[in-house]
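Turn this into a structure:
(chains A and B)
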Amino acid sequence: MSSERDVTERWRRVKSILDGALDRPPSERSAFIADASFGDQELQREVESLAALSDEDWNVFDAEQGARLASLLEDSSPRSRIGERIGSYELLSELGRGGMGAVYLARRADDEFQQRVAVKLMRPGTASEDALRRFRGERQISASLEHPNIARLLDGGATEAGEPFFVMEFVEGEPLLEHCRRHGLSIRERLDLFRRICEAVQYAHAHLVVHRDIKPENILVTAGGPKLLDFGIAKLLETGDGNGARASEQTATLLRALTPEYASPEQVRGRPVTTASDVYSLGVVLYELLAGTKPYRVESGDPAELLRVVCELDPAAPSTHAPELSGDLDAIVLKALRKEPESRYASVEQMSEDIGRHLAGVPVLARRGNAAYRAVKSVRRHRVAIAAAALVLAALGGGLIVAIREARRARSAEAQAQRRFNDVRQLANAFLNEFHDSIKNLPGSTPARRLLVQKGLAYLDNLSQEAGEDASLLRDLAAGYQRLGDLQGSPAEGSAMLGDMEGAQKSLRKSAALRERLVRSSLAVIQDRLDLAWTYSQFANTYTLDGNPHAAVEYARKAVAMLSAEEAVKRGDPRILHALGSAQFNLGSALKSADLPDEARVAFQRGLESNRRVCASDPTDDLACRGLFVGFYKIGNLELELDRFADAANAYREAARISAEFHRRDPGNGMYQRDLAFASGGLGVTLLERGDSAGAEENLQRQSELLRSLAEADPDNANPRIWLGESTRNLGNALLARGETAAARARLLESATSLESIVHRDPNDVSARTELAQTDFAMAKSYSVPGGTDAAAARSWCEKARREYLELRREGKLAPSVARLLTRVDEEIARLPNDRGRR
Amino acid sequence: MTEAAPPAVTALLQEWSRGDSGALERLTPIVYEELRRIAAGYMRKERPGHTLQATALVNEAYVRLIGQKRVSWQNRAHFFGIAAQLMRRVLIDHARRRQAEKRGADRLRVSTDAEIASGPDLDFDMLAIDGALTRLERLDPPQARIVELRFFGGLTVEETAEVVGISTATVKREWRTARVWLRREVGAESE
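Presented below is the predicted three-dimensional model:
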């Protein structure tokens, strides 16, 4: 018997060979499997048997599980009922299917005249016992609705399985909207048709029957005019009528029972339903009939959203869709759609009469008293705008901009437009900030970020055009551009490196200009100065990366000076100290690249101090506590470059200790993982320089593992792979120092190959090119070690490195710290003995 | 409007990832309910020609329950894991019931055409796959997880990669060998 572990191990081997075999054409598989099995016959047979199985004809995995799941979850596997007897009716064919059940064409089983009827068969539990009992009582009332425009209710009850059913007059007709479309009815013709529908509803209301579910699908147009279906049914489907059911449950039930787009606010809220609810639904129908679209869309089945949309969102006037409707018809439709039942038309008759007035050219009721109504409405506006914004967010695409234009264009007062505009703008801002925050640390989110940048830029540029001299708007815009600049490629800690430096600087410049304007104005608050300092810091960063250290130092000093001057620094205000700390770090980096190492060290230490002040008093402040990592890591780098290895090792150890703690607490966070990788790598290189090759190897190995998993998680981001190339090279160097020349060369080659492929894909990637040259140089040195000397190889690798460095220098992209390496390559070439090929 | 605030799903996920197994017990019914609710919504809309994707179901449940709030990476993975397990359970329970019904029905009466048309093989395969997947779970838990997410959770290769935290290439490879292996296991079972 083999142990569990063996079995697992075995499967791993089988899997790996099988994987390789499946990569190859079928004709080559056998040979490959035999090869890869190394004579293990059992293994070979096992893989053969698997590889022989084609799963192409086995489509069970491709079967669409979704629809199946939905019906299972709903616990209602729909099955055909054709031919079944319901009461005394035989089902002939299915006419339609809805959330509550299905409608069938049926005939009286014992009817020799073959009179056809429609049977609506509901799912069990959709009507309570109570309701059904009541139905039997009320049936007479409903059935007594004798009107040429109302389909008669003939019978009803429940099947043995407890399914409620209703039998109605079968109406052959065309659904309302389809009819209008197909016959190309004019507005006047549509209004006439609508008034006939109103007559029918009015008749039912006079007989104390409320429809509750008026919608275009329930109105069929026959040769004899429109006909309303389902009168009196919706009421029977209510559950929890006054039995203390919670509003949300009622809403959920209603959601299932009704078509949410046509339900009135009071229905959605589970409040008493009156004839005014039918007025509302008729308003929605009229809206759609005239404007060709619904006043709102209820996309999800979420009760909260439904409540928000139906109860709070003011519909756009029908004329926004069809300008010819402006005036009377806008007013009439909107009056029917008022949120409060008492503000609507008092009756369907009144609504119909108002339409009649419009057709006769007489002033309509709906346009009187509008000023008072607007005043009441404005109180609610705030909530309304939020709901509008939520909808816009759902639409995501260009929806926001459309909404802004609409808001601006709105015929209401200018102040109102401004308010709406602000709401939408806040939303845009929240979208950029919160959405960005929620994805920025997730590995693998680069394509999403790229999309975010595109969308964000479009939003902001549009908003800028609409912006006036409003301080808070300027703030939001500046913050938006700053975010974008950050995303586009600035090297702020933890931000995504998309590498579009030009775009980043453009966005940052827009942000800086807006903020300078603010800080100069009388409206500036402390946050504005903080923000401006941060923007300067960002500039410094991009200049450092772009090889312009003097501009970088200038901006970084500006930022530090601004922040140090703040009073709140003395109080230890964490907000200021966060900003000051990172400005000091940026200054240090700028100074370092300007070749001012002593000043750089001071700046790093001051940055460390700023962060320590915060972290010491609040250890849960991740930003400040991680700032300690940043400081130690930067100091480590500086000391390493100055060949002060003992100081470098101490700093890296601290950095590794801090980042390991963060990584342990939040292992899925790519940033912490990267931090730890960097600190381990720095320590590894330092130990290598100090001659501790075992320690170096251990740390570099750890770095490689961390980076490999980062690279896997985010294949579109070149950085982890560049770092991995660097780390692999360092590992090679460690092995070389231990005298393991062959293993070292294998690593170095691996590093060169992977960096080469990155450069190949993006020839402008300066850091990949710099690292590649460095790896090539390391490769050269591996051919100059005792016992493995090959001067020709050493020379050709040296020359490759030299070419690459020179090319970078020609383009002005060789950083001073790297320029030193070119000198070392030259020295190495001079030292190499001349081989025969070169005289 | 404070209607229908989602239960503290994020908090429960966090507790669970901290090792509180009780949190999972409280979490599962919430996720299940949400899935049911969304399924009901889709059934209600019943747009012709629109088939609901399992992945849409899971993703919608995720957005509804957790929204776009800041949640840690593992929470997202845990969530999709729970959802996939639930879907698996729903499908398997149904398949079992159907098998039982069919055995009973055969003795009693000849089924109508409609009954037969609904595909008994799928049910059988479903149970066989479930069994095989349970064996794969012992053999290679990460691979089994990928199968569960892909097959029962309906996640795409990309989504699976994102949730598990590995590359799409790895998911594709694992999925491919898993399919072949399961094919053999299921085949063997039916013999």
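
thinking A:Leu365 is in contact with A:Gln350, fair?
Yes. Counting by C-beta atoms under 8 Å, A:Leu365 touches A:Gln350, with 7.1 Å between them. Where you see a C-beta, it was placed from the backbone N, CA and C, and this is true even at glycine.

For the chain, just list every one of the strands.
Answering for chain A, as no chain was given. A:85-86, A:89-97, A:101-108, A:116-122, A:153-158, A:164-169, A:174-175, A:219-222, A:225-228 (DSSP state E).

can you redo the ones you listed as a markdown table with mean pLDDT, distance to A:Arg5 and mean neighbour count?
Formatted as a markdown table, those follow (pLDDT from 0 to 100; distance: least, C-beta to C-beta, whole Å; neighbours: other C-beta atoms under 10 Å in any protein chain shown):
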| stretch | mean pLDDT | distance to A:Arg5 | mean neighbour count |
| --- | --- | --- | --- |
| strand A:85-86 | 82 | 63 | 16 |
| strand A:89-97 | 77 | 55 | 16 |
| strand A:101-108 | 80 | 56 | 20 |
| strand A:116-122 | 82 | 58 | 22 |
| strand A:153-158 | 76 | 61 | 20 |
| strand A:164-169 | 82 | 60 | 21 |
| strand A:174-175 | 88 | 67 | 15 |
| strand A:219-222 | 92 | 71 | 21 |
| strand A:225-228 | 91 | 73 | 20 |
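
Show me the one of those strands that comes nearest chain B.
Nearest to chain B among those is strand A:89-97 (6.1 Å), distances taken as C-beta to the nearest C-beta.

what's the angle between that closest one and strand A:164-169?
Computed with axes from the mean of the first three to the mean of the last three C-alpha atoms, to 10 degrees, the direction of strand A:89-97 lies at 90 degrees from that of strand A:164-169.

export strand A:89-97 as PDB, just CAs?
In PDB, the C-alpha atoms belonging to strand A:89-97 read as follows (Å, rounded to 0.1, in the frame of the first residue of the first chain):
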ATOM      1  CA  TYR A  89     -60.400  23.400 -18.600                       C
ATOM      2  CA  GLU A  90     -57.900  21.500 -20.700                       C
ATOM      3  CA  LEU A  91     -54.600  23.300 -21.400                       C
ATOM      4  CA  LEU A  92     -53.900  23.600 -25.100                       C
ATOM      5  CA  SER A  93     -50.700  25.600 -25.400                       C
ATOM      6  CA  GLU A  94     -48.600  28.000 -23.500                       C
ATOM      7  CA  LEU A  95     -49.200  31.700 -24.200                       C
ATOM      8  CA  GLY A  96     -46.600  33.200 -22.000                       C
ATOM      9  CA  ARG A  97     -44.700  32.800 -18.800                       C
END
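
who does that strand pair up with?
strand A:85-86 (antiparallel), strand A:101-108 (antiparallel) (DSSP bridges).

ok, and what's touching it?
For strand A:89-97, contacts defined as C-beta atoms under 8 Å, 6 or more residues apart in numbering or on different chains pick out A:78, A:80-85, A:102-109, A:116-119, A:121, A:155, A:167, B:46.

Chain neighbours aside, what residue packs nearest to A:Tyr89?
A:Ala106 (4.2 Å; C-beta to C-beta, 6 or more residues apart in numbering or on different chains).

bridging residues for that neighbour?
Beta-bridge pairing of A:Ala106 under DSSP bridges involves A:Leu91, A:Val117.

what sits against it?
Neighbouring residues of A:Ala106 by C-beta under 8 Å, 6+ apart: A:86, A:89-92, A:116-119, A:167.

switch the cut-off to 10 Å
A:82, A:84-93, A:95, A:115-119, A:121, A:165, A:167, A:170 (C-beta atoms under 10 Å, 6 or more residues apart in numbering or on different chains).

how near is it to A:Thr159?
For A:Ala106, the distance to A:Thr159 equals 13 Å [C-beta to C-beta, to the nearest Å].

Could you tell me which residues touch both of these two?
In contact with both A:Ala106 and A:Thr159: A:84-87, A:121, A:165, using C-beta under 10 Å, 6+ apart.
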